[in-house]
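**Student:** Provided below are the primary sequence and the corresponding predicted coordinates.
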Amino acid sequence: MRLTIDGVACEAEAGEFVKAVAERAGITIPSICHHSALPGLAACRLCLVEATPAGKRTEVVTSCVYPVSEGLQVVTMSERIQRLRRTVLKLLICRAPAAEGRLAEYCQEYGVQNNFTPPDPDEKCILCGLCVKACEELGPAAIATVMRGVDKQIQSAFAEAPTDCIGCSSCAKVCPTGKISCTDDGESRVIWGKRFHLEKCPVCGRPFATSEELAWLTHRQVGESLDLTLCPSCRAQQAAKQSVRG
Amino acid sequence: MVEKTEAEQIQEIIQHYPGQRRHALAAMQDMQHCFNYLPRAGLVALAEHMHCPLVQLYSMATFYKALSLKPKGRHIIKVCDGTACHIKGSMSMIDGVQRHLKISPGDVSADGQFSVETVNCLGTCALAPVLLVDEKHFGKVTLGQLPQVIDSYKPGGGNDG
Amino acid sequence: MAEVALRQLLVCCGTGCLANDARAVADALETALQDANLDISVERGSVELKRTGCNGFCERGPIVKIHPDDVSYYRVKPEHAESIVASIGAEPYKPLLFRGDDKQPVTRQVDNPFYAHQTKIALRNIGQIDPLNIDDYLQAGGYLALQKALLMPTDEIIAAVVASGLRGRGGAGFPTGIKWRSANSYPSLPRYVVCNGDEGDPGAFMDRSILEGDPHSVIEGLAIAALAVGAEQGFLYIRDEYGLAVKNVAAALQAAADCGYLGDDICGSGRKLSLEIVRGGGAFVCGESTALMSSIEGYVGEPRAKYIRSVERGLWGQPTVLNNVETLANVPYIITFGGAEYAKVGTAGSKGTKVFSLVGKVKRSGLVEVPMGVTLRSLIYDVGGGIAQDRPFKAIQTGGPSGGCLPESLLDLEVDFESLLEHHAMVGSGGMIVMDDRSCMVEVAHYYVDFLCGESCGKCTPCREGLRHMRDILAGICAGHGQPSDIDELEELAFCLQEAALCALGKTAANPVLSTLRYFREEFEAHLNEQRCPAGVCPSLTVMQVDSEACTACGACFKACPVGAVHQLAAVGAAAAVDEHQAGNDKKADKPRYEVDVMACTACGSCREACRFEAVKAVKKEAVCA
């Protein structure tokens, strides 16, 4: 189907979302909670755009979850959008003044000054929920949001070191603000207050995964037979060699 | 009659429901009614029964106001702070309860006799301001009557039983 | 042969009346009836006692009615039982009749101004039938609509509902028939129907009343919806706090299944429907459709982006129709009498009636059903009898936390979905909270925002963070340390919520702030610029003071003060009375005087409420303390 984004004609498949189509056309839309592998959160509300479906009125929508439609017209930057993004950024930076990554850059770009008093000056978390989603999709779902409203937090069960965590660190990797601390010292990894033993690759000798993660992957592995004792890069090399030989 | 252990009661509640996720809330509500709170062992057993992550049940337990992870008092005093009660002085009523029992909303008295909570609306707006003690409504309560109402639920009072 | 009761004694056993001891009243009446029936005369015939649902006039409960004589008694106590029984088929027992401002006793409900302006469709059976007895419902014409619908093609059922103009009574006002048609257009199976009984708006209790008092009408409405959209499974999501509603609906579901109105072969038609209750967990946000569905599925009630509607992808990703309790209660009436008949009542865009809970500072409060298009003035003054204690009207809050506060200048507004929206309020679920000059509108705005802070699910930034800042700003204004920039800041946050929040709760969360700012800005300014609360409510800015001129020394304030801040001073002696304005007022001189200790006063207003002589006044705190 055909749609236009900022006047640019774009082609898209039914079921695609506006943000992805825009990016393909070289139009970037700011966002913090969006991750192409973990779509659907729509929590940060930074990727707002104005959308006008054919024959309907214009609405402000979040482009990360807004589905394309035939004849849709999208404006990614208008005065209204800019005004809204500035308020959203102000709210985010006040909540998480210590956040690492894109947030500070966006604030600079949009000229946002935080004139509210932050409840916690050391806070990094913007509660986007990416870590929770990553743990649900890739791990055992060891963390979740707890409480609600202004008291919402990301936590493990009973706020204790999670027994079911496999130490895969997917949560830390997707976190857009550097909130989740994960430290590796070559022998072990500490995350969510829990220490894990790191397995070393028998080929290259590098520590690459926790024992729990390997057990989890073995358990989940259906159909394919990957040699999970090797680190991913050695595994890839080995596979390449085999295909050359084969 | 031999009293059932907590673990037995938990199992009885859980086994009443098929191991499907959609029954999680109902099972937790039943536990809340049975124990006046959600025992940790209950959540762990339910997670096993439903084959779902424990943290997601923990998340629900902290999200829904009907559920609590802390034991509540023997009598639960709910001060309605719905709009009709609010404009008829529920804030003073909350202060009054606090003054009389020396505990804040959300707390349990030291002797475990009372929990005090504020609730959004009990749907008895025509009787505002309203106080609900356990299952009994007290409508059009005045600050003057408040101590009397509460004291009737103290040990030896007319409503403690 | 069983004797057919000629008369019925209807005892209201809604939650409101139960709170006033209706159960004891019913028991006492039962005993009195048994005693009296021994020597009952032929003319008076046999009498049956029935425990009914809510009559709406909860404030004057418990209510007892004699049917079919149309005699209504109010504020009945168990000790009145014998007098009531003696009055059956005889002269009404006067002390319990309704009396209006003219003090004349009113026997019939139709002559009672609280009921005279009402038109009952959704509440048609409530107060007449025993909700636990399906035969009562059947005698009132129950389940005829379902049987009629079973013989109608689905298009025709939907067409009737479309023609009725019925719109969702839960808040958004979406046309019910269109919603059904839309769900029907998606080929995916299975489809689900859901009844939203998670009534969360503070100040509204019509859904509770319907579920308690006439559960079968909701079940029948839901069954018709299921026929219309081809669903075989449905859920009734009911607040767990509504214990009686859950109990009565559960009993009604069982009775309906036993009679073949639900189950694997509805009335021998071969159609299937199973319905079950899901108890809500206590979260206002679960009134939002996607959050409610998430909750039914067994997750936290977080809304999801609604660009794909629930009618296409709702429960477990399948087409789902969600209707509110009151909406569904209207459906059997529409099917029985036709869409056109229903559409005769109401305004151009809003057909039928609406149940409102008329509460707050009004003389007669309770649940009322009136035609759409009634004016606010008529609601407050004709039905409600005016403002309590004849104080000045200040505002009426409509539509709960998503609605707004309307001022006196809009009292002649005809209430319907459009008119209220136009004036920055909404019908919502139908809460109508009347406020007098002793309600502070800044404090009311803070109240709603604080409510929503606790009820927001916390998923999206504008709602979670925006509300927190709005609450802090409003609390600052109430405490007298607001900044001049606060109003602009509130408006900017409100704009962000309206446009950028994820769900309807967030998008409408700023309405109470915006409407109070629009109509009562001078109250915000008094707090901001003069550190003064004109209504005398905000404790940081207010203390009470006794005006010795107006004081009659009755001592009511002294007795009412919960913190002992009203002091009784010794009587002014005769000598002192000679000087100044006390001269010549010997009576007064002998009486004690009262004074409020400003340091101890919490400005709760108990003394002011207690005073019948306008002698207690709220004044600016600083002025007195300085």
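**Tutor:** That came through fine. Predicted model, so just to flag it, every value in this text is computed and none were measured.
**Student:** can I get the helix or strand containing C:W180 in CSV, CA atoms only?
**Tutor:** Assigned by DSSP states H and E, C:W180 falls within helix C:176-184. As requested, the backbone C-alpha atoms of helix C:176-184 are provided in CSV (Å, rounded to 0.1, in the frame of the first residue of the first chain):
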residue,chain,number,x,y,z
THR,C,176,-23.8,0.2,20.6
GLY,C,177,-25.4,-1.1,17.4
ILE,C,178,-22.4,0.1,15.3
LYS,C,179,-20.0,-1.6,17.6
TRP,C,180,-21.9,-4.9,17.3
ARG,C,181,-22.1,-4.6,13.5
SER,C,182,-18.4,-3.9,13.4
ALA,C,183,-17.5,-7.0,15.5
ASN,C,184,-19.7,-9.0,13.2
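**Student:** the helix or strand following it and chain B in contact?
**Tutor:** Note on helix C:176-184: by DSSP H and E, the next helix or strand toward the C-terminus is strand C:192-197. No - among the residues of strand C:192-197, none lie within reach of chain B under Cβ under 8 Å from any Cβ of the partner chain; the closest is 11.5 Å away. Every C-beta, even on glycine, is put in place using the N, C-alpha and C of the backbone.
**Student:** report the inter-axis angle for strand C:192-197 versus helix C:176-184.
**Tutor:** Between strand C:192-197 and helix C:176-184, the angle formed by their directions is 150 degrees, by axes from the mean of the first three to the mean of the last three Cα atoms, to 10 degrees.
**Student:** hmm, the helix or strand that strand C:192-197 is followed by touching chain B?
**Tutor:** Following strand C:192-197 in sequence order, the next helix or strand is helix C:206-213 (DSSP H and E). Yes - counting by Cβ under 8 Å from any Cβ, contacts between helix C:206-213 and chain B involve C:R208.
**Student:** which one is the residue of chain C found nearest chain A nearest to, not counting chain neighbours?
**Tutor:** Per Cβ to the nearest Cβ, the residue of chain C with the smallest distance to chain A is C:G458, at 3.3 Å. Distance criterion Cβ to Cβ, 6 or more residues apart in numbering or on different chains; nearest residue to C:G458, sequence neighbours excluded, is A:K152 at 3.3 Å.
**Student:** what of C:L96?
**Tutor:** The spatially closest residue to C:L96, leaving aside those adjacent along the chain, is C:Y73, at 3.8 Å (Cβ to Cβ, 6+ apart).
**Student:** burial of that neighbour, as a residue count?
**Tutor:** Using other Cβ atoms under 10 Å in any protein chain shown, C:Y73 is surrounded by 26 other residues.
**Student:** contacts only, for it.
**Tutor:** C:I63, C:V64, C:K65, C:H80, C:I84, C:Y93, C:L96, C:L97 (Cβ atoms under 8 Å, 6 or more residues apart in numbering or on different chains).
**Student:** between those residues, which is closest to chain B?
**Tutor:** Checking those against chain B by Cβ to the nearest Cβ gives C:I63 as the nearest, at 11.6 Å.
**Student:** about what we covered before: may I see the PyMOL selection of the buried members of the contacts of C:Y73?
**Tutor:** In PyMOL, a selection of the buried entries from those looks like this (16 or more other Cβ atoms under 10 Å in any protein chain shown):
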select buried, chain C and resi 63+64+65+80+84+93+96+97
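**Student:** establish whether the helix holding C:W180 and chain A are in contact.
**Tutor:** No - with Cβ under 8 Å from any Cβ as the measure, helix C:176-184 is seen stopping short of chain A, the closest distance being 15.3 Å.
**Student:** who touches that helix?
**Tutor:** C:154, C:157-164, C:166-168, C:191, C:225, C:228-230, C:309, C:311-312, C:319-321, C:323, C:327, C:331.
**Student:** which parts of that helix are buried?
**Tutor:** Residues C:T176, C:G177, C:K179, C:W180, C:R181, C:S182, C:A183, C:N184 are the ones in helix C:176-184 that count as buried (16+ other Cβ under 10 Å).
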